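*Asks:* Make a model of this:
(2 chains)
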Amino acid sequence: MAMTENAGAVSQIWERVRLLRESPVGVIGAFLVAFWVVVALFAPLLAPFEPNASNLDALGDPTPSAVNWLGVDMSGRDILTRIIWGSRTVLSVAPVAVFAAYALGCLLGLLAGYYRGWVDNLINRVSDIILSFPAIVLYIIVIMRFGPSAFNIVLAVIFIATPQIMRIVRGMTLELREREYVAAAKMRGESALYIMFVEILPNARGPLIVDACLRMGYTTIAIGVLGFLGLGLPPPDPDWGGMVKDSYALMSIYPHMALFPAAAITSLVVGFSLLADGMREISMRD
Amino acid sequence: MTATALAARPAPLAADAPVLELRNVSISYFVRAGEMRVVPDISFRLAQGEALGLVGESGCGKSTIAFAVMQYLGSVGRVTGGQVLFEGRDLAHMPADELRAIRGRRIAMVYQDPMSSLNPVIPIGRQLMEVPMIHFGAGEQEASERALQMLREVNLPDPESMMGRYPHQLSGGQQQRVVIAMALMAEPSLLVMDEPTTGLDVTVEAAVLDLVARLREKHNTAIIFISHNLGTVVRICDRIGVMYAGELVEEGPIAEVFRNPRHPYTRGLLSCIPSLSADKTSRPLTAIPGQVPSILNRPKGCVFQPRCRFAEPARCGQDPLPTLALSARHSAKCVRAEELPPHEKLPEGIAALAIGAPADAEAVLRIAHLRKTYHQSTGMFGGSGYDVHAVDKIDLEANRGQTLAIVGESGCGKSTLAKVLTGIELGTEGLVTLGGKEISQIPVENREAEIKRAIQMVFQNPDSTLNPSHSIGYVMSRAIRKLRGLSAGAARAETNNLLKTVNLPTEFAQRMPRQLSGGQKQRVAIARALAGEPDLILADEPVSALDVSVQAAIINLLVDIQAKRGATLVFISHDLSVVRYLADYVAVMYLGQVMEFGRTEEVFAPPYHPYTEALLSAVPIADPDVQQRRIILEGAIPSPQNRPAGCPFATRCPRKVGAICDTTPPPVQTSAAGHRIACHIPLSDLRQVGNVVQ
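*Replies:* This next block holds a predicted model:
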């Protein structure tokens, strides 16, 4: 049974990939995201220099050259190398954070939507309180309180994204719990947990996959913003947002120092958004 | 009046000139997968004041024809060939501004869902007034007078106050009357109605059909009436066109087509509709095998050939297939149309189902004074509010191995009753016992395993009855393991057995629900209900979402399974023909109360409860030779919160005897055989009433 179930799941994912090819927007998005994933995976092989190695000779003319394709920053570090290594930060923190937020958000959303009553009220009121703060303020509060580190960024994302995910899941649960197959499951004596996770959650996956893609983009922006505010990963590790912050004072003289990392952030965010659009397009059709 | 409006005025027509003529029209939808030729070639004429019914199962292109006539095919649909002639002018090649002057003015359309045709933020009166103001340049005062007059004409109560109301303040039947009023206000010469009564209760449907027939006579409007229900077509139309896979397979005057159907598909349709005059023992239903072919691989020659029991491959495969004229006005697209044996209402070679009416067995399910009350809270803190009795002190019993049908219109409490029986809701008062054990006070989660096994349910909606994420095999074996505690291997074997029981191939275990048709999903749902070998199967409108040919197969399957397994069936339905066919006992519910209960043949014959009588007279019967007394009920079912103090039916009852009906709940009168009628009229008087259906 488990075998056929898995085969079903794999073929469904493959089906999605196949369908995605029919959406030009989705293909561009998937390509951008895949590009950065490959870059992050093979960073040690692709990067021409050590990420923190300073080449003081290059500081005479830090603009792009045959040696430093994207130039060097004001410490003489190769920008291309730092962008390549920086992709590892973003692409490890963002998925972990989004995944963790999803795990918690789905659980709370299912509980609230399935049981309703006081459980629903409690979860919703707490969420309302969190949602009533602007996200950026919450990020700053969490990071200032616990200090800048990859783990704390993940914590901050969970804290902020969970209520939003909870709301989506709760809304879908309220609708799906009235389906006849849920009544049929109750009538054969299934437990509440089984009904929530096996009968309801899989059928909410369409909108959730789209939202998860978008949320990866938002989280990328958030990590960039935190880096820019000096709340990102502690130096000297490469971090796209931090790279922009470090060099934007020199913006009028050497714009490339800030523009290249900014372009990296933008391309990844646009990639996630387009991928989400493509997913939405194909989910509209089935 | 503007120049275009003047141009749209009809040229004087010769008396016999058709209002609408389709000449070799072909229609395609252009989608990602390519061109879908939905209608390959169709031709018909519609004379002034004539009503043509288009019937056929879903996906046969009926609505496409309607949209082609309105030139509303959307961005993907196009008339790819032929002419759509309206009063002699081709609509398919007409400039947009001329079309605009014709649509709504000369051709009007009524859709299935009235709520989507009415603007929810504009009062009814205003919406009606727009018609003469736009099409005739009428002033406010004149438009308002005409709107009021039209509301009177469609029999809406209190038309003056109706003018100021918003669509959501009206019932479904009233909304549909407003839409019809709006369509007729421009005095169109052609009215296209696409399933106008499908969402309505049967008594409301009868009133709307009656109204359409009357208005048509008065305004001499030609009508294209699209329906999947052959009975409604018989009530409204002069001629009928039977559509199958985008083709008009038979066309002719109603009486001729119904008495002497020549196309095998028409015959198939007629044999699979249950009638009010026959039951499972006297006239079994014959389903049409197979399903409508996909548009992308249409068979060569006759499209119906793969499902036809008269097919002769050598002749039926010819392409193009000729349409045979059988008389001046009757034609069929079948090469064998003239040589087929006469159509018999009971097809030969199909034996009556071998089920005698079972002798009365012990009662398995007993419902005594059951009441289900919902508390509607008003105000911010829910302190105040009122009680709604969705099920109000009902008494019923169902015998082992027999079928108890519960009929009634929407809001009568039949689905609430099902929820209490399944334990998804709890009863408020009274008792429900299954095999002697009380079950109405135990929520389904707390019911003992034995009770869960004993009661299973078949649901209404084939698209929501199976979890789209689970394969058929998983659904089945999960149910078997949960209900009977079998091992995985044994459950797999039992899955195959059950799939065979419901006539599905065992390979279906690997399929996902989306790969199944509606009828197949419903078969799986029945198989799932059988997983625990239940004593009581609860079926809530299990066939109402299915096409008639599929419906017949599912009904026969239920009859067959019941005969073999001896399970008790509680069958909830709004369709009296199906109930007449299937049930041993019938309970007629209205506003949460049982108005009449007895053996099927007793309930369907006098003495009737006045509500049963009205229901029977409202059922559309697909047989022009059946005489049916017409009783049109006015008004709508009262909302359960202001239920009448006396008899719940008093507000609409055509046989109301006086003030006693409004003030005193009716006594339950019992005839010798245990046939119960809750009414103030003495049984002896009710016996004087003749049969509704002759």
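
*Asks:* Looking at B:Leu466 now. What's its pLDDT?
*Replies:* If you check B:Leu466, the pLDDT there is 95.

*Asks:* okay, now the nearest residue in space to it that is not next to it in sequence: neighbour count?
*Replies:* Excluding its sequence neighbours, the residue lying closest to B:Leu466 (CB to CB, 6 or more residues apart in numbering or on different chains) is B:Pro513, at 4.1 Å. For the C-beta atoms, the positions are set from N, CA and C on the backbone; glycine is no exception. If you count neighbours by other CB atoms under 10 Å in any protein chain shown, B:Pro513 ends up with 22.

*Asks:* How about the contacts made by B:Ser440?
*Replies:* B:370, B:420-421, B:426-427, B:430-432 (CB atoms under 8 Å, 6 or more residues apart in numbering or on different chains).

*Asks:* Need the phi and psi values for the residue nearest to B:Arg177 when sequence neighbours are not counted.
*Replies:* Spatial nearest neighbour of B:Arg177, excluding adjacent residues (CB to CB, 6+ apart): B:Val154 at 4.3 Å. When quoted as degrees, to the nearest 10, the phi and psi of B:Val154 stand at phi -90, psi 20.

*Asks:* What count of nearby residues applies to B:Val154?
*Replies:* B:Val154 is flanked by 22 other residues according to other CB under 10 Å.

*Asks:* picking that back up, among the contacts of B:Ser440, which ones are buried?
*Replies:* With burial judged by 16 or more other CB atoms under 10 Å in any protein chain shown, the buried subset of the contacts of B:Ser440 is B:370, B:420-421, B:427, B:430, B:432.

*Asks:* on that earlier part again, so which of the contacts of B:Ser440 comes closest to A:Met216?
*Replies:* B:Leu426 (45.3 Å; CB to CB).

*Asks:* Could you give the average pLDDT over the helix or strand B:Val570 falls within?
*Replies:* Assigned by DSSP states H and E, B:Val570 belongs to strand B:568-573. Averaged over strand B:568-573, pLDDT sits at 94.

*Asks:* which outside residues touch that strand?
*Replies:* For strand B:568-573, using CB under 8 Å, 6+ apart, the contacting residues are B:364-365, B:398-407, B:414-415, B:417-418, B:421, B:535-544, B:558, B:562, B:579, B:582-583.

*Asks:* mind redoing it with 6 Å?
*Replies:* Outside of strand B:568-573, the residues within contact range by CB atoms under 6 Å, 6 or more residues apart in numbering or on different chains are B:364, B:398, B:400, B:403-407, B:414, B:418, B:536-541, B:562, B:579.

*Asks:* Helix, strand or coil: sort out the spatially closest residue to B:Gln688 that is not a sequence neighbour for me.
*Replies:* Excluding the flanking residues, the one nearest B:Gln688 by CB to CB, 6+ apart is B:Pro606, at 7.9 Å. Look at B:Pro606: counting by DSSP: H, G, I helix; E, B strand; the rest coil, its state is coil.

*Asks:* these two touch, right, B:Pro606 and B:Val689?
*Replies:* Yes. The pair B:Pro606 and B:Val689 passes the contact test of CB atoms under 6 Å, sitting 5.1 Å apart.

*Asks:* which residues do these two both contact?
*Replies:* Counting by CB under 6 Å, 6+ apart, nothing touches both B:Pro606 and B:Val689.

*Asks:* before we move on, the earlier item: got the buried ones among the contacts of B:Ser440 as TSV, with secondary structure columns?
*Replies:* TSV is the format used below for the buried ones among the contacts of B:Ser440 (three-state DSSP):
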residue	secondary structure
B:Leu370	strand
B:Val420	helix
B:Leu421	helix
B:Gly427	coil
B:Gly430	strand
B:Val432	strand
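
*Asks:* Which of those residues sits closest to A:Phe151?
*Replies:* Using CB to CB, the buried ones among the contacts of B:Ser440 come closest to A:Phe151 at B:Val420, 52.5 Å.

*Asks:* May I have the residues that are in contact with the closest one?
*Replies:* By CB under 6 Å, 6+ apart, B:Val420 lies in contact with B:372, B:427, B:440.

*Asks:* Quick one: name the residues of chain A near chain B.
*Replies:* A:179-181, A:183, A:186-189, A:199, A:202-203 (CB under 6 Å from any CB of the partner chain).

*Asks:* mind listing which of these are in helices?
*Replies:* Secondary structure from DSSP state H places A:180-181, A:183, A:186-187 of those in helices.

*Asks:* Just the buried ones from those residues?
*Replies:* Those of those that meet the buried threshold are A:180-181, A:183, A:186-187, by 16+ other CB under 10 Å.

*Asks:* ok, the closest residue to A:Ile130 other than its chain neighbours - contacts?
*Replies:* Spatial nearest neighbour of A:Ile130, excluding adjacent residues (CB to CB, 6+ apart): A:Pro163 at 4.8 Å. By CB under 6 Å, 6+ apart, the contact set of A:Pro163 is A:127, A:130-131.

*Asks:* neighbour-wise, which of those leads?
*Replies:* Neighbour counts for the contacts of A:Pro163 (other CB under 10 Å) peak at A:Ser127, which has 21 neighbours.

*Asks:* tell me the pLDDT at residue 186?
*Replies:* Answering for chain A, as no chain was given. On the pLDDT scale, A:Lys186 gets 92.

*Asks:* not quite, I wanted chain B
*Replies:* What the model reports for B:Ala186 is a pLDDT of 86.

*Asks:* ok so, going back, how far away is the residue nearest to B:Gln688 from B:Asn260?
*Replies:* For B:Pro606, the distance to B:Asn260 equals 33 Å [CB to CB, to the nearest Å].

*Asks:* one step back: out of the residues of chain A next to chain B, the closest to B:Arg216 would be?
*Replies:* A:Glu180 (39.9 Å).

*Asks:* ok, for that closest one, nearest residue in space, not its chain neighbours?
*Replies:* Nearest to A:Glu180 is B:Phe459, by CB to CB, 6+ apart, at 3.9 Å.

*Asks:* So what's the residue count around that neighbour?
*Replies:* B:Phe459: 24 neighbours (other CB under 10 Å).
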